[in-house]
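Asks: give me a model of this one.
(chains A, B, C and D)
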2 protein chains.
Amino acid sequence: MPSDTKDRILDSAEILFAQNGFSATSLRAITDHADVNLASVNYHFQSKDALVQAVLMRRLNPVNQRRLEMLNAILQRFPASPPPVEEILEAFYRPVVEEVMKSQREGRPIMPLIGRIFIEPGELVASQVRSLMSQVVTAFVDAFHLALPQVPPAVLFWRLQFAVGMMSHTFAAAPLIEGLSRGRIRINDTEEVLRQLIAFAAGGLRGAMP
Amino acid sequence: MPSDTKDRILDSAEILFAQNGFSATSLRAITDHADVNLASVNYHFQSKDALVQAVLMRRLNPVNQRRLEMLNAILQRFPASPPPVEEILEAFYRPVVEEVMKSQREGRPIMPLIGRIFIEPGELVASQVRSLMSQVVTAFVDAFHLALPQVPPAVLFWRLQFAVGMMSHTFAAAPLIEGLSRGRIRINDTEEVLRQLIAFAAGGLRGAMP
DNA sequence: GTCTATAGGGTGATAGAC
DNA sequence: GTCTATCACCCTATAGAC
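Replies: Numbers count the residues shown, from 1 in each chain, chains lettered A, B, ... in the order given. Okay, here's the model as predicted:
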């Protein structure tokens, strides 16, 4: 339980944004849920847009930092030979999947938020995400180029986007997917989700050139 | 230019939903854009929710029908041997990609809508999409089982969802992706998009078992 | 830092005249 | 089928007392 007002607002905003989307969630709903005063949102953050950014950044910054750490560790272990595709993919996926599953256990599930980041309109969200993702995308495209020198960089870029979409859609549409599968799959086991993501993405990255 | 009020509302709603999302688009914005009276929305449709459904169904029904037609044509050509994975993937992707690109040319781009379908909250949207997607998912999982008998059905189900996510994210986040790629890729050529999607998904579907 | 009160405007839906 | 007018309510943001 966060005691300080600013954290209470961030936590409640995260829960409600994940459940109902950004624009469908009013500041009143957030302050009611957080049991704080309506005006405190505009005191601690300046506007609703700034609050949305703060909620996203609190989750995305540690995830992207961890991705780059894991990637660098791999590259140092393979200074002269191509690094394994599967290991690069694990560096890309594991920090997100672990953060998402942690949020489930803590009762503040952010699964739908992950998918919405790339999709909700609004210049601010897009520009923030863009600058934050830019160095991650560059680093991973470069790593995949080392691992798969025969695949042209433009094709690697397509394929990295597909790798993002696989995960993003899996989390964003998790309830729909679990329902459609009629019990065949469940999206709640970190290692199982990672195995499935990495196996498919590795096959895709290595796929015949179009 | 549609002359009849109901179609004018559907067209304007589609444009604005694609640009700004469902909940951020007001009925007033729609009727202003369509140059029709506000009350006509509640006359022709009963509510905003029903309008959202009508907009989605107008696009999704023909696409899913075409998918099943193409799939059946393939299965009839391979009555005794496994059908090729690439052809099944083309039956899955081509109707959507063509519909999206057609909408671009007609000045009513639905790219962002495609990604949002699976993500926007609201029981109505979810339940409509669910029942509409259900037979498509079943038919394609069965077809992939014929094409790849060594892959367990549960894994095929994971992989079909990944195939959906690849496309859905590519369209939903197209401006972001094109920006991040710094000119390396453009998402505006039907055949190029299909080649990239099919090559990656085919590799993924054939990938080593996790 | 936290509160009340309110400004200023938008929202979906509908009643009832034409 | 189409319109005007309106109901009842929700919204973000802020001024100003404590």
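Asks: beyond the longest helix seen in chain A, next helix or strand please.
Replies: Looking across chain A with DSSP state H, the single longest helix is helix A:48-77. On the C-terminal side of helix A:48-77, the closest following helix or strand by DSSP states H and E is helix A:85-105.
Asks: what helix or strand is the closest residue to A:Ala163 other than its chain neighbours on?
Replies: Counting by CB to CB, 6 or more residues apart in numbering or on different chains, the nearest residue to A:Ala163 once its immediate chain neighbours are dropped is A:Ala201, at 4.6 Å. Every C-beta, even on glycine, is put in place using the N, C-alpha and C of the backbone. Assigned by DSSP H and E, A:Ala201 belongs to helix A:190-205.
Asks: list the buried residues of that helix.
Replies: The neighbour-count check on helix A:190-205 (16 or more other CB atoms under 10 Å in any protein chain shown) flags A:193-205 as buried.
Asks: check which helices and strands it sits against.
Replies: Helices and strands touching helix A:190-205, by 3 or more CB pairs under 8 Å, 6 or more residues apart in numbering or on different chains; DSSP states H and E, are helix A:85-105, helix A:153-172, helix B:153-172, helix B:190-205.
Asks: off-centre distance for that helix?
Replies: Offset of helix A:190-205 from its chain centre (CA atoms, centre = their mean, to the nearest Å): 16 Å.
Asks: contacts for it next, please.
Replies: Residues outside helix A:190-205 that contact it (CB atoms under 8 Å, 6 or more residues apart in numbering or on different chains): A:85-86, A:89-90, A:93-94, A:97-98, A:101, A:144, A:148, A:151, A:156, A:159, A:162-163, A:166-167, A:170, A:187, B:155, B:158-159, B:162, B:199-201, B:203-210.
Asks: now the buried members of those.
Replies: Listed as buried from the contacts of helix A:190-205 are A:85, A:89-90, A:93-94, A:97, A:101, A:144, A:148, A:151, A:156, A:159, A:162-163, A:166-167, A:170, A:187, B:155, B:158-159, B:162, B:199-201, B:203-207; burial here means 16+ other CB under 10 Å.
Asks: now do the buried residues in the helix or strand of chain A with the lowest mean pLDDT.
Replies: Lowest mean confidence among the helices and strands of chain A (mean pLDDT, DSSP states H and E): helix A:123-147, at a mean of 85. Of the residues in helix A:123-147, A:125-126, A:128-129, A:132-133, A:136-137, A:139-141, A:143-144, A:147 count as buried by neighbour count, 16+ other CB under 10 Å.
Asks: report pLDDT for the residue of chain A found nearest DNA strand D.
Replies: At 2.8 Å from DNA strand D, A:Ser26 is the closest residue in chain A, using CB to the nearest atom of the strand. As predicted, A:Ser26 sits at a pLDDT of 97.
Asks: can you check A:Glu120 too?
Replies: A:Glu120 carries a pLDDT score of 75 in this model.
Asks: roughly how far does the nearest residue to A:Pro82 once chain neighbours are set aside sit from B:Pro95?
Replies: Nearest residue to A:Pro82, sequence neighbours excluded (CB to CB, 6+ apart): A:Ala147, at 4.9 Å. According to CB to CB, to the nearest Å, A:Ala147 and B:Pro95 sit 34 Å apart.
Asks: over to A:His169?
Replies: Per CB to CB, A:His169 is found 18 Å from B:Pro95.
Asks: domains of chain A?
Replies: A:1-45, A:59-205 (automatic domain parsing).
Asks: of all these, which lies closest to DNA strand C?
Replies: Using CB to the nearest atom of the strand, the nearest of the domains of chain A to DNA strand C is domain A:1-45, at 3.1 Å.
Asks: and chain A, which residues reach DNA strand C?
Replies: Proximity of chain A to DNA strand C (CB under 7 Å from any atom of the strand) is limited to residues A:Thr5, A:Val36, A:Asn37, A:Leu38, A:Ala39, A:Ser40, A:Tyr43, A:His44.
Asks: may I see the ChimeraX selection of the buried members of those residues?
Replies: The ChimeraX selection below is limited to those of the residues of chain A next to DNA strand C classed as buried (16+ other CB under 10 Å):
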select /A:5,36,40,44
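Asks: as TSV, the residues of chain A next to DNA strand C with pLDDT would be great.
Replies: TSV is the format used below for the residues of chain A next to DNA strand C (pLDDT from 0 to 100):
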residue	pLDDT
A:Thr5	96
A:Val36	97
A:Asn37	97
A:Leu38	97
A:Ala39	97
A:Ser40	97
A:Tyr43	97
A:His44	97
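Asks: looking at the residues of chain A next to DNA strand C, which one is closest to chain B?
Replies: Top of the list for closeness to chain B, among the residues of chain A next to DNA strand C and by CB to the nearest CB, is A:Leu38 at 20.4 Å.
Asks: ok so, going back, let's have the helices and strands packed on helix A:190-205 in TSV, adding distance to B:Leu56 and mean pLDDT.
Replies: Shown next, in TSV, are the helices and strands packed on helix A:190-205 (distance: least, CB to CB, whole Å; pLDDT from 0 to 100):
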stretch	distance to B:Leu56	mean pLDDT
helix A:85-105	27	98
helix A:153-172	16	96
helix B:153-172	14	96
helix B:190-205	21	98
